[in-house]
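J.: Predicted structure and sequence below. I'll ask about it afterward.
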4 protein chains.
Amino acid sequence: MDTLERPATVTGSQRTEIEAQRQATHETHRATVPAMEALLYQPIPILDHGFVRVIDYMGDDAAVVQAARVSYGAGTKKIREDAGLINYLMRHRHTSPFEMCELKIHVKMPIFVARQWIRHRVANLNEVSGRYSILDNEFYMPDSDNVAAQARTNRQGRGDVLNTGEAARVLQILRDDATRSYTHYEEMLNEIDGQIVDPERQGLARELARMNLPVSLYTQLYWKIDLHNLLHFLNLRAAPHAQYEIRMYAEALIGVVKQWVPLTYAAFMDYRMGAYELSAKGLAAVRRLLRGEQVERESTGMSPGEWRELMETLER
Amino acid sequence: MDTLERPATVTGSQRTEIEAQRQATHETHRATVPAMEALLYQPIPILDHGFVRVIDYMGDDAAVVQAARVSYGAGTKKIREDAGLINYLMRHRHTSPFEMCELKIHVKMPIFVARQWIRHRVANLNEVSGRYSILDNEFYMPDSDNVAAQARTNRQGRGDVLNTGEAARVLQILRDDATRSYTHYEEMLNEIDGQIVDPERQGLARELARMNLPVSLYTQLYWKIDLHNLLHFLNLRAAPHAQYEIRMYAEALIGVVKQWVPLTYAAFMDYRMGAYELSAKGLAAVRRLLRGEQVERESTGMSPGEWRELMETLER
Amino acid sequence: MDTLERPATVTGSQRTEIEAQRQATHETHRATVPAMEALLYQPIPILDHGFVRVIDYMGDDAAVVQAARVSYGAGTKKIREDAGLINYLMRHRHTSPFEMCELKIHVKMPIFVARQWIRHRVANLNEVSGRYSILDNEFYMPDSDNVAAQARTNRQGRGDVLNTGEAARVLQILRDDATRSYTHYEEMLNEIDGQIVDPERQGLARELARMNLPVSLYTQLYWKIDLHNLLHFLNLRAAPHAQYEIRMYAEALIGVVKQWVPLTYAAFMDYRMGAYELSAKGLAAVRRLLRGEQVERESTGMSPGEWRELMETLER
Amino acid sequence: MDTLERPATVTGSQRTEIEAQRQATHETHRATVPAMEALLYQPIPILDHGFVRVIDYMGDDAAVVQAARVSYGAGTKKIREDAGLINYLMRHRHTSPFEMCELKIHVKMPIFVARQWIRHRVANLNEVSGRYSILDNEFYMPDSDNVAAQARTNRQGRGDVLNTGEAARVLQILRDDATRSYTHYEEMLNEIDGQIVDPERQGLARELARMNLPVSLYTQLYWKIDLHNLLHFLNLRAAPHAQYEIRMYAEALIGVVKQWVPLTYAAFMDYRMGAYELSAKGLAAVRRLLRGEQVERESTGMSPGEWRELMETLER
């Protein structure tokens, strides 16, 4: 069977380990979130071979509130219940209390996604190393629904989906090149499944042989981040202009956040994901519109792109 | 009773909250450390009014090992047991697996200690704000054993303990000035224990009135940090040249680390706290000494200070 | 003469050094901004004894553009001139090109301002150390125009200015306590202007004696930060809810930014300082208003505070 | 001509731009290092197609000294000249003054090197984006002297160089697969040198087509970092266990540091690159050896690997 065809799952030994972790139950005095306990360790499948698994978490909505009350005093206790305080913190970008929660995940994704991911510097990470280990034969192949042409209006994105014939041709190229590069990787290593292939030959160093592998190869990382920086990551990577592949991971993680810290999730959706920032010029234009003025772009000082975006956002 | 005299404890309402947290027990599938569960929430007294309390933790020694094995591959599983792998990581400064554990504490300390503490930037923190809250009447007064003269040989440290008369005089000044500054703080606020003192007067804004308080005043913070950065902090702040007051906190936290991650603790003591770094010149000198050469400082290129330190370290 | 009265200037030896630095001229192939060259080293006075001085800078508006074109490709060269590209980057929060410029300043400010300042972690800093040095006798005393009561509607801020009698009383307290604490500091040190006062007495260690000094004392730091993080700092610290004292520094630095990177400055004023973020609920309300609907707060899901702020912002 | 064969140079338009930058001379009052001015903008060739170019710098050895004197006081001025102070700072890991200098470079390197590079988080960076731009047809091909077998004693490194026949075979595979992957990249894009190839076909989105390219492809980045973090990077990446390819970049950058801040360079070589850290156990063993004892490994508590390394380092 073609390894590129195999289903998006963890290996047998990983599955056994996951089951063991999920069986083990301990007593703790720490803050605990039952919905996260239900999620722990289980892979959430993403793309064709990828996943996200929650490995550990620290804190909950109450931990955000607790830290805020240290800073802003006991007075906050009386006048606001937790949801109101969390909304207030999110709205006014009092970000430090959200840093008091922490998430650790195990994530498997293509290298080109990992290269976008790793740009977020305020996080902890361990990635599989191709210097120490022989990398697995797993490559990302998009669904034909996602094989799209270069966008014409947007320099960084995708436009229309390719027609069936074109898409098939692209997938054939990607598949063939990935298969060949991995076969050559093993040939250069002179090792398959831990066995030397040809005892007469020397195997190339792993750190060199991996050079031949494309950025569609899957890699894995353990990644740990605080809630504030996670939300910042999600706000950028779940946005419409983010590349589809990383967006799938971001959307899955937004689902995790919803289970973990539901009040913070609600505030995040209202004040970040669904929010729209008016520039000074945009605000002036909205005020004029609300006074019933007829407003022409030229009189606002806004560029055509900004004006178009503003009008679309305001549903004019 | 003079508030400066009151014992180093938490308030009554804090004590009730701590008891409630320690009673509450939850089930979890997460990594759990029984010795840390026993420590959770309880204040460890430090100096005259300070404390450290563990609020939450993520991970254990096994979490360090797990992250290392992601990076360095399954091969590590066979050849090294956990302690050996942790020693290897510490010794070769493979620091990222230690970032996979996280500690959250509540700490109460004088402002001048907090100002040293906060220099460590890779951490999360919420501090009591003197803009929002009326600050508590608690000041650090050193034990007379710690009232020392300026060191003569070391520009940054303390020398001999002052004689009894001098120490008493110093403590009297510190005590009087602290008491007066706090009385004036309340007078400017025109508020004591939540009650307006003189309804005819306006109270000064809190953010201004606090200007009068000295840096011996106690402040409080919630502080969260990963294990790698915590060890870096402890290595600097538990060192002999660190100021005595912050060193007391660092030593208490080293005790917490010992309970939390005993294998990491042992590696830290061997490869960091007890280690000594030979410079290139120092190494050359040691090699010559081991060959039985007579070595004069002038021939080593080392400064007098370095040479003296090396000779002391080598017990020559 | 009372040292608290002395004008907001640098010392004589500092003035000589500044003049020497301003005289020295070198040739460079690096990006150079004439308006910044004119500013270099000169103290910009702030509050009663504070200042900001530009010590060094790296890059200019063109350096932002250059870095953006590395990421986003040569295509950007044709379609956008520099100002348009900088606006685009600011508006879409493509923050990394702004990290390619760097500013280094020398700043003198009260300790309570420094404690707010230092919360910004992504910066480099060296502060005067009270362990090594004897701290200068300079304390912040607010103008009587800034001696204000606690705000009633806003938990963190100032309200009305105190009446003349109350203000004078506050200033008298602040002045007396500062003077006394400094006199006692010198007495404990047993040293004035580098001279031992009483050869029979031991001087207390500097690191202990400083405990007596209030947070109104001036401290000094060298501070270095990239342009992106500087703008983030300024956006928070020049905002109306920031404490007046730190706001004075932020406003001075906004003036420096205007000289240094005028295109970035203009984009910052439009897309950050003057901007307003509509939440998802706020945006829905604005759309309804623009369609001519009568909108009641209750139907929007917004809190009273949010609704009031939105209505004020929209000038309804 | 095979593009893989083309010499390690910048393009013609880049060369013109570099010449223009090197011709332009400005006057400045900032700290200037003539040796760095001579280096500015010029590519230092590395590997077959890579380079490092200095784009800008801030500060010099004197800027380190200046920042240290802010922290540690004017007293340092009298007793130590600059070199001594820099040695002192390096030796005692007073790292913050070294953060006061900053370097900006333009660097071209294979993707697998960039992935190691980017693990250093305390830096600013802009990388060429394969979403916006069509990536250049340049791949790293090792010299046959660097085509080595997997090391047997060291899990992460290289062992003996492959024999001529094996090396030729490896290079043939790498070359063929790189050429084919790039040809297919262009075919999927349906665009060569800015020209549509087949007007009847749709071109695949750039962000998808790049998936086919191997990690031997060259990428480019602008990278900015402070001197302290640069030295930390160099200490790790110029070490013997670092992968050969990134080590070549690190060694070139050490050469830049030598030109830029010669006193800091000398201290770095003595106290970091040439230093050796004795663990507590290692130090105890050295003390015993110096007393003339016969020391067996078993009596030291050291592992066989540590003991062997210590004995080699001490040249026993």
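T.: Perfect, thanks for sending it.
J.: Only C-alpha atoms from now on, for both contacts and neighbour counts.
T.: OK.
J.: A:His120 against A:Leu231, yeah?
T.: No - using C-alpha atoms under 8 Å as the test, A:His120 is too far from A:Leu231 to be in contact (11.5 Å).
J.: And those two? Which one has more around it.
T.: Higher neighbour count among A:His120 and A:Leu231: A:Leu231, with 22 against 15, using other C-alpha atoms under 10 Å in any protein chain shown.
J.: wait, is A:Arg53 part of a strand?
T.: Yes - per DSSP: H, G, I helix; E, B strand; the rest coil, A:Arg53 lies within a strand segment.
J.: Need the nearest residue in space to it, chain neighbours excluded.
T.: A:Pro43 (4.6 Å; C-alpha to C-alpha, 6 or more residues apart in numbering or on different chains).
J.: can you count the residues close to the nearest residue to A:His120 once chain neighbours are set aside?
T.: Spatially, and ignoring its direct neighbours in sequence, A:His120 is nearest to A:Phe233 (7.1 Å; C-alpha to C-alpha, 6+ apart). Applying other C-alpha under 10 Å, we find 18 residues neighbouring A:Phe233.
J.: A:Phe233 is in what secondary structure piece?
T.: helix A:227-237 (DSSP states H and E).
J.: got any ranges where the stretch 1-150 of chain A has weak pLDDT?
T.: In the predicted model, the stretch 1-150 of chain A carries pLDDT under 70 at residues A:1-9, A:73-80.
J.: where along it do the strands fall?
T.: In the stretch 1-150 of chain A, the strands defined using DSSP state E, counting those that start in this stretch lie at A:26-28, A:44-46, A:50-58, A:102-110, A:124-127, A:148-150.
J.: Turn these into JSON lines, columns for distance to A:Gly84 and mean neighbour count.
T.: As requested, the strands of the stretch 1-150 of chain A are arranged in JSON lines below (distance: least, C-alpha to C-alpha, whole Å; neighbours: other C-alpha atoms under 10 Å in any protein chain shown):
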{"stretch": "strand A:26-28", "distance to A:Gly84": "29", "mean neighbour count": "18"}
{"stretch": "strand A:44-46", "distance to A:Gly84": "32", "mean neighbour count": "19"}
{"stretch": "strand A:50-58", "distance to A:Gly84": "22", "mean neighbour count": "24"}
{"stretch": "strand A:102-110", "distance to A:Gly84": "22", "mean neighbour count": "23"}
{"stretch": "strand A:124-127", "distance to A:Gly84": "31", "mean neighbour count": "22"}
{"stretch": "strand A:148-150", "distance to A:Gly84": "43", "mean neighbour count": "26"}
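J.: can you put those strands in JSON lines and add distance to B:Gly194?
T.: What follows is those, written out as JSON lines (distance: least, C-alpha to C-alpha, whole Å):
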{"stretch": "strand A:26-28", "distance to B:Gly194": "37"}
{"stretch": "strand A:44-46", "distance to B:Gly194": "52"}
{"stretch": "strand A:50-58", "distance to B:Gly194": "35"}
{"stretch": "strand A:102-110", "distance to B:Gly194": "36"}
{"stretch": "strand A:124-127", "distance to B:Gly194": "44"}
{"stretch": "strand A:148-150", "distance to B:Gly194": "65"}
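J.: quick one: contacts for A:Thr136?
T.: No Thr there; residue A:136 is Asp. Residues in contact with A:Asp136, defined by C-alpha atoms under 8 Å, 6 or more residues apart in numbering or on different chains, are A:Tyr218.
J.: Equivalent analysis for A:His94, please.
T.: Taking C-alpha under 8 Å, 6+ apart, we find A:His94 in contact with no residue.
J.: Tell me how far it lies from C:Met302.
T.: Using C-alpha to C-alpha, to the nearest Å, one obtains 19 Å as the distance from A:His94 to C:Met302.
J.: repeat for A:Asp226
T.: 28 Å.
J.: now swap in A:Ile225 and tell me
T.: Distance, A:Ile225 to C:Met302, by C-alpha to C-alpha: 31 Å.
J.: quick one, which of these two is more surrounded?
T.: Between A:Ile225 and C:Met302, counting by other C-alpha under 10 Å, A:Ile225 is the more crowded of the two (23 against 17).
J.: what's across from that one in the sheet?
T.: Beta-bridge pairing of A:Ile225 under DSSP bridges involves A:Leu103.
J.: tell me which parts of the stretch 101-250 of chain A are close to chain B?
T.: Proximity of the stretch 101-250 of chain A to chain B (C-alpha under 8 Å from any C-alpha of the partner chain) is limited to residues A:104, A:124-129, A:132-133, A:220-222, A:224.
J.: Distance to chain D for those - can I get that in JSON lines?
T.: JSON lines is the format used below for these (distance: C-alpha to the nearest C-alpha, whole Å):
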{"residue": "A:Lys104", "distance to chain D": "18"}
{"residue": "A:Asn124", "distance to chain D": "10"}
{"residue": "A:Leu125", "distance to chain D": "9"}
{"residue": "A:Asn126", "distance to chain D": "10"}
{"residue": "A:Glu127", "distance to chain D": "10"}
{"residue": "A:Val128", "distance to chain D": "12"}
{"residue": "A:Ser129", "distance to chain D": "9"}
{"residue": "A:Tyr132", "distance to chain D": "5"}
{"residue": "A:Ser133", "distance to chain D": "9"}
{"residue": "A:Gln220", "distance to chain D": "14"}
{"residue": "A:Leu221", "distance to chain D": "13"}
{"residue": "A:Tyr222", "distance to chain D": "14"}
{"residue": "A:Lys224", "distance to chain D": "14"}
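J.: Hmm, A:Thr219 is touching A:Asn126, no?
T.: No - with contacts defined as C-alpha under 8 Å, A:Thr219 does not count as touching A:Asn126, sitting 10.9 Å away.
J.: on that earlier part again, what comes up buried for the helix holding A:Phe233?
T.: By neighbour count on 16 or more other C-alpha atoms under 10 Å in any protein chain shown, the buried set for helix A:227-237 is A:227-231, A:233-235, A:237.
J.: Out of those, which comes closest to C:Tyr185?
T.: C:Tyr185 lies nearest to A:His228 out of the buried residues of helix A:227-237, by C-alpha to C-alpha, at 42.4 Å.
J.: re the thing from before, which residues sit against the helix holding A:Phe233?
T.: Applying C-alpha under 8 Å, 6+ apart, the contact partners of helix A:227-237 are A:95-96, A:98-103, A:120, A:122-123, A:242-243, A:246-247, A:250-251, A:253-254, A:268, A:272-273.
J.: Tell me which stretches of chain A form helices.
T.: Ranges of helices in chain A, per DSSP state H, are A:12-23, A:34-39, A:61-72, A:75-79, A:82-91, A:111-117, A:164-189, A:206-209, A:227-237, A:244-260, A:262-268, A:280-290, A:304-313.
J.: out of the ones you listed, which comes closest to C:Thr25?
T.: When the helices of chain A are ranked by proximity to C:Thr25 (C-alpha to C-alpha), helix A:280-290 comes first, at 40.6 Å.
J.: pLDDT averaged over the closest one - what is it?
T.: What helix A:280-290 shows for mean pLDDT is 98.
J.: That one and chain C, any residue contact?
T.: Yes - for helix A:280-290 and chain C, the contact criterion (C-alpha under 8 Å from any C-alpha) is met by A:280-281, A:283, A:286-287, A:289-290.
J.: in that helix, what counts as buried?
T.: A:280-288, A:290.
J.: Residue numbers of the stretch 201-316 of chain A in contact with chain D?
T.: A:201-208, A:210-216, A:243.
J.: switch the cut-off to 7 Å
T.: Contacts of the stretch 201-316 of chain A with chain D, taken as C-alpha under 7 Å from any C-alpha of the partner chain, map to A:202-206, A:211-216.
J.: okay if I get those residues as CSV plus distance to chain C?
T.: Putting these into CSV (distance: C-alpha to the nearest C-alpha, whole Å) gives the following:
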residue, distance to chain C
A:Gln202, 40
A:Gly203, 37
A:Leu204, 34
A:Ala205, 32
A:Arg206, 30
A:Met211, 23
A:Asn212, 25
A:Leu213, 24
A:Pro214, 21
A:Val215, 18
A:Ser216, 21
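J.: Throw these into TSV and include neighbour count, thanks.
T.: Converted to TSV, these look like this (neighbours: other C-alpha atoms under 10 Å in any protein chain shown):
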residue	neighbour count
A:Gln202	21
A:Gly203	24
A:Leu204	29
A:Ala205	28
A:Arg206	27
A:Met211	24
A:Asn212	25
A:Leu213	28
A:Pro214	27
A:Val215	26
A:Ser216	25
